[in-house]
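**Q** the sequence and its predicted three-dimensional model are supplied below.
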Amino acid sequence: MSALPELVIHIDGGSRGNPGPSGFGVHAVDARGAVVAEHFGFIGTATNNVAEYQALVHAFTLATARGARRIEIRSDSELVVKQMNGVYKVKHPDMLVLWRQASTKRRSFESAEIKHVRREQNKEADALANRAMDLRESHLSG
């Protein structure tokens, strides 16, 4: 049996136009469910899938900065979750670069599970991604 995650991190990415103005959101809670960090970022013109991967990469960076060794990442992007878990192959060159970056960061953790959740279970990360697109800026708290 694996140990419980130190952080549960909800991620989301979005694009208005696909491609279009894009942003990501990262919402992290500790084992008790208390919010420990939120991050959103505007990434310019990109596709929805690129924005989803940017959220994942930033989630790993945030977890590393907080010293977490065991994390669980929750995403409503079935594509990203299945690619990261080896169910789907990554074919698009832009996605392959981000997949490699995320995979490298993932290996630095004792445990880094990536799970699919329904959109309704990802509201905080979605709101952060939308805030990034609305404000066209980035912010980190926690």
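**A** Arrived safely, thanks for sending.
**Q** how far off centre is the worst-scoring helix or strand of the chain on mean pLDDT?
**A** For the chain, using mean pLDDT, DSSP states H and E, the weakest element among its helices and strands is strand 139-141, scoring a mean of 87. Chain-centre distance of strand 139-141: 14 Å, with C-alpha atoms, centre = their mean, to the nearest Å.
**Q** check which helices and strands it sits against.
**A** Using 3 or more C-beta pairs under 8 Å, 6 or more residues apart in numbering; DSSP states H and E as the contact criterion, the neighbours of strand 139-141 among helices and strands are strand 35-46. C-beta here means a position set from N, CA and C on the backbone, and glycine is covered the same way.
**Q** list the buried ones in the lengthiest helix in the chain?
**A** The longest helix of the chain (DSSP state H) is helix 48-65. Buried residues in helix 48-65, counting neighbours by 16 or more other C-beta atoms under 10 Å, are found at 48-60, 62-63.
**Q** all good on my end, thank you.
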